[in-house]
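> pasting the sequence and the predicted coordinates here, then a few questions.
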Amino acid sequence: MARITLDHIRHAYGPNPQADTDYALREVHHEWKDGGAYALLGPSGCGKTTLLNIISGLLQPSHGRILFDGKDVTDLSTQARNIAQVFQFPVVYDTMSVYDNLAFPLRNRGVAEADVDRRVKEMLEIIDLSDRAKRKAQGLTADQKQKISLGRGLVRNDVNAILFDEPLTVIDPHMKWVLRSQLKRLHKQLGFTMVYVTHDQTEALTFADKVVVMYEGQIVQIGTPAELFEKPRHTFVGYFIGSPGMNVMPVSLDGARAVVGSQDIALAEAPKSVAGDRLQLGIRPEFIRIGREGMPVRIDRVEDIGRRKIVRADFEGRPIAIVASEDVEIPAEPKIAFDPAGVHIYVNSWLAGSP
Ligand code: ATP
């Protein structure tokens, strides 16, 4: 398995790119460690697949280099890069048996038949298809076929990395959960470098060591799920990660106090800013207390989600989400208080489109 270096990667699909917005990837410069599980997460069109294809060699970047363990592979073909890929839709040979589908990548590399047999049988156990080994892939369900694709990606143990492009999209929700946990376990057990594209935050947060959040062709933050939750570096990351995401509102500062509309809120420390900066306050719904004390809000609706409720309200003329436990009573004249530990002040958080 390999450490992957993305060295000043830029990519434009069209000719003569001029502005930043002409680039599908603007500037990606990072190193992903050997054996890491990285999830590329971001909204549709942010460049996840473009980056994955550049790593795999399906696409040549307009600028920059890709290195595996320090060796420049930018000009190497996908095959020469020695990576395994699992795509959104199953890639299986319908006329071959399930066993032969799994054996194919090994036989192709000249692995001795006794080893092929051992590894294929292990993989059949892992993907829970041992009882279908002799069946033709044709006629299996989409779930089962995608399990074969996963198995084919994982059966080789000599690859530099395994790349996944939304591989669970076609899988039904229960099986998705099962496969996700299997993949996590396998990663722990086998220690392969894995890059996993998804736009589903649950998928990214449950199994990645590091989540790479992308927005408009850039990596905006790389962090553990806890870091992204507790210390989102941009308003977009706060808003995109979490359910509901972080509340973001314009704010002005008065020393160590933040002023939102007619309310002011004590801050743990005064952020540095100069006149003309665009200031925003971010607070996750879990850090807002609702009760009889604090700043007035008008309740729009309450969504019951099992042991918690999401209160949607109007605060100083803008929507705000509050997460409360199910036993919290909402008084007739509700007020909210911000936990200072959960207040973030953003100075020129530069992501257009974030609230
Ligand atoms: P999704 O989640 O929808 O797959 P993504 O994050 O993977 O999105 P990409 O597919 O990498 O995003 O696309 C990034 C940008 O590049 C988008 O603006 C897209 O329209 C553009 N793009 C992607 N492929 C091509 C192509 N072959 N030719 C021209 N533009 C492309």
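Sure, I can see it. Numbering: from 1, shown residues only.

> who does F315 bridge with?
F315 has the following beta-bridge partners by DSSP bridges: R318.

> now do A324
In this entry, A324 is beta-bridged to K309, by DSSP bridges.

> next: Y196.
Y196 forms beta bridges with A39, F164, as assigned by DSSP bridges.

> walking through the stretch 101-250 of the chain, point out its helices one by one.
All helices of the stretch 101-250 of the chain, identified by DSSP state H, counting those that start in this stretch, fall at 113-126, 142-155, 173-190, 201-207, 225-230, 235-240.

> near the ligand at all, stretch 45-54?
Yes - using C-beta under 6 Å from any ligand atom, stretch 45-54 reaches the ligand at G45, C46, G47, K48, T49, T50. C-beta coordinates here come from the backbone N, C-alpha and C atoms, glycine included.

> show me the domain layout of the protein.
Using automatic domain parsing, the domain parsing of the chain gives 4-235, 236-347.

> out of these, which is the most enclosed?
Most buried of the domains of the chain, by mean neighbour count (mean count of other C-beta atoms under 10 Å): domain 4-235, with a mean of 18.

> quote the end-to-end distance of that one.
Chord length of domain 4-235, first to last residue, is 28 Å (C-alpha to C-alpha, to the nearest Å).

> and it, how far out from the chain middle?
12 Å (C-alpha atoms, centre = their mean, to the nearest Å).

> residues touching the residue in the stretch 151-300 of the chain positioned nearest to the ligand, list them.
Nearest residue of the stretch 151-300 of the chain to the ligand: H199, at 4.9 Å (C-beta to the nearest ligand atom). Residues near H199 by C-beta atoms under 8 Å, 6 or more residues apart in numbering: L41, G42, P43, S44, K48, E166.

> and the furthest pair within the residues you listed?
P43 and E166 (13.3 Å; C-beta to C-beta).

> quick check: L51 touching G217?
No - using C-beta atoms under 8 Å, L51 is not in contact with G217, being 9.1 Å away.

> what do the two both touch?
Joint contacts of L51 and G217 (C-beta under 8 Å, 6+ apart) are L25.

> up against the ligand, what does the stretch 51-200 of the chain have?
Going by C-beta under 6 Å from any ligand atom, the residues of the stretch 51-200 of the chain near the ligand are H199.

> where in the stretch 51-200 of the chain is pLDDT low?
Across the stretch 51-200 of the chain, nothing is flagged by pLDDT under 70.
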